[in-house]
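Trainee: What shape does this take:
(2 chains)
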Amino acid sequence: MSERTEGGGAFAGSVGSTRAALLDACAALLALVGLCDAIYLTVEHLNGTTLQCSITHGCAEVLGSRYATVGGLPLAAFGAAAYFTAFSLATLAAFGYASARRLLTVLVALMFLFSLWLLYLQAFVLHAFCQYCLLSASVTTLLLVVVLVQRFAARRV
Amino acid sequence: MKKTLPVLIIAVVLLVALGGGALLMRSPSSDVKPAASAATNAAPNAPRPARAAVADDSPPARVRGRADAPVKLEEFSDFQCPTCGLMHGVLKQLVAKYPTQVGVAFRNFPLREIHRHAAEAALAAEAAGMQGKFWEMHDLIYEKQNEWKDAADAAGEAERGGRERAGCAEEVSGYRV
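Mentor: Here you go, the predicted structure:
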């Protein structure tokens, strides 16, 4: 994590690196949205409350299901940790740490795959959708789009 | 500065995230509408008669433990609600641990709009209750909640399971309840 890109990063001044830093900043902002969502879900789970959905109908089913807890901890807490890690990596990448960007790509890919699994559970096992979980899945998908755009853009430059 | 700024940003976000989480933990959410509070807390500041939430012509609640226990909990519950399912285990333990001090009164509160089998399950429990097996059926329905909640024929499964467990000889006719 200590190495910084030679000629890359936010302070190198080239058009390509500025665009890369902007995309990193986008990824950091998206990760913040996901972090807020996950913290909210974690806290409500720990408070023992039943969240009611306002858009979808199924928050209680999804958030009260056995899949919502892993080893006694709310799954959302792991999500919060993942989003915070993604935010940290995106911030470091925006400041020119190339290895952080590589790690961010791997992390976001794993988060996306896990989101697909959670979507599958909601659609085919629980038959209920929770809007907060769908928001998280959307954020992770957008994160994947951002890191992929960045990778392809970096190849072209 | 260039090296410390990202670390500073990350540290600030971490502190805000932890602080915000801690603040949320303390304040009760306005988004929460548990079944019991939705039914009983319509006017929290108004003086309430002893049985404000229950119409006079409603049947008596099913009581687990002593009906005249010094601590009496009245539960408005939905058999398909996952949180009610979690609460079921806690309340059962509570009565088992303090049999003379705690009584739990159960009332059906099926949320038909969001739980398609809640009303059927309530009928099945009441039907078993007519044969003196309400709590056996009540426990079975909650214990098997994950198995029947998505079933096409939930009432049939509950009834079959209930007969096996509760030893009911007759067909349960839910529609008499």
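Trainee: Where does pLDDT dip in chain B?
Mentor: Low-confidence segments of chain B, defined by pLDDT under 70: B:1-2, B:26-58, B:152-177.
Trainee: show me the contacts for the residue in it that chain A sits nearest to.
Mentor: For chain B and chain A, the shortest gap (C-beta to the nearest C-beta) falls at B:P82, measuring 2.7 Å. For the C-beta atoms, the positions are set from N, CA and C on the backbone; glycine is no exception. Applying C-beta atoms under 8 Å, 6 or more residues apart in numbering or on different chains to B:P82 gives the contacts A:A60, A:E61, A:L63, A:G64, A:S65, B:Q145.
Trainee: Scan chain B for its longest helix.
Mentor: Counting residues, the longest helix found in chain B (DSSP state H) is helix B:4-26.
Trainee: Is stretch A:87-105 positioned near chain B?
Mentor: Yes. Contact of stretch A:87-105 with chain B (C-beta under 8 Å from any C-beta of the partner chain) involves A:F87, A:S88, A:T91, A:L92, A:A94, A:F95, A:Y97.
Trainee: Chain B: helices as residue ranges?
Mentor: Listed in chain order, the helices of chain B (DSSP H) span B:4-26, B:35-40, B:82-97, B:118-130, B:134-143, B:145-148, B:154-166.
Trainee: my read: A:A100 touches A:A86, true?
Mentor: No. Using C-beta atoms under 8 Å, A:A100 makes no contact with A:A86, being 10.4 Å away.
Trainee: Looking at these two, which has the bigger crowd around it?
Mentor: More crowded of A:A100 and A:A86, by other C-beta atoms under 10 Å in any protein chain shown: A:A86, with 26 against 22.
Trainee: Quick check: closest non-adjacent residue to that one.
Mentor: In space, and not counting its chain neighbours, A:A86 is closest to A:A31: 4.1 Å by C-beta to C-beta, 6 or more residues apart in numbering or on different chains.
Trainee: okay, now A:V145: neighbour count?
Mentor: 15.
Trainee: B:R112 now?
Mentor: Neighbour count of B:R112, defined by other C-beta under 10 Å: 13.
Trainee: thought it was touching B:A121?
Mentor: No. Assessed by C-beta under 8 Å, B:R112 is found out of contact with B:A121, at 11.1 Å.
Trainee: In contact with B:H115, which residues?
Mentor: B:H115 makes contact with B:D78, B:F79, B:Q80, B:C81, B:K149 under the criterion C-beta under 8 Å, 6+ apart.
Trainee: Surely the first one touches B:L111?
Mentor: In this case it means B:D78. Yes. B:D78 is within contact range of B:L111, at 5.0 Å (criterion: C-beta under 8 Å).
Trainee: more neighbours, the two?
Mentor: Taking other C-beta under 10 Å, B:D78 and B:L111 do not tie; B:D78 has more neighbours (22 against 17).
Trainee: Relative to B:L94, how far out is the more buried one?
Mentor: Distance, B:D78 to B:L94, using C-beta to C-beta, to the nearest Å: 19 Å.
Trainee: same question, B:V7
Mentor: Look at B:V7 and B:L94: by C-beta to C-beta, they are 49 Å apart.
Trainee: Looking at these two, which is more packed in?
Mentor: Just comparing B:V7 and B:L94: by other C-beta under 10 Å the higher neighbour count belongs to B:L94, 17 against 13.
Trainee: quick one, what contacts that one?
Mentor: The contact partners of B:L94, taken as C-beta under 8 Å, 6+ apart, are B:V102, B:V104.
Trainee: returning to that earlier point: the longest helix of chain B and chain A in contact?
Mentor: Yes. Using C-beta under 8 Å from any C-beta, helix B:4-26 comes into contact with chain A via B:L5, B:P6, B:I9, B:I10, B:V13, B:L14, B:A17, B:G20, B:G21, B:L24, B:M25.
Trainee: List the buried residues in that helix.
Mentor: Of all the residues in helix B:4-26, those buried under the rule 16 or more other C-beta atoms under 10 Å in any protein chain shown are B:P6, B:I9, B:I10, B:V13, B:A17, B:G21, B:L24.
Trainee: coming back round to it: highest neighbour count among the contacts of B:H115?
Mentor: B:F79 (29 neighbours).
Trainee: Without its sequence neighbours, what residue ends up closest to that residue?
Mentor: Once flanking residues are discounted, B:F79 sits nearest to B:A121: 3.6 Å by C-beta to C-beta, 6+ apart.
Trainee: Pull the number of nearby residues for that neighbour.
Mentor: 27.
Trainee: what's the spacing between it and B:P110?
Mentor: B:A121 is 7 Å from B:P110, where distance means C-beta to C-beta.
Trainee: same thing with B:G65?
Mentor: Separation of B:G65 from B:P110 (C-beta to C-beta): 23 Å.
Trainee: before we move on, the earlier item: can I get the residues of stretch A:87-105 next to chain B in a markdown table including pLDDT, neighbour count and secondary structure?
Mentor: Compiled in a markdown table, those are given as follows (pLDDT from 0 to 100; neighbours: other C-beta atoms under 10 Å in any protein chain shown; DSSP: H, G, I helix; E, B strand; the rest coil):
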| residue | pLDDT | neighbour count | secondary structure |
| --- | --- | --- | --- |
| A:F87 | 96 | 25 | helix |
| A:S88 | 96 | 23 | helix |
| A:T91 | 95 | 25 | helix |
| A:L92 | 94 | 24 | helix |
| A:A94 | 91 | 23 | helix |
| A:F95 | 91 | 21 | coil |
| A:Y97 | 88 | 24 | coil |
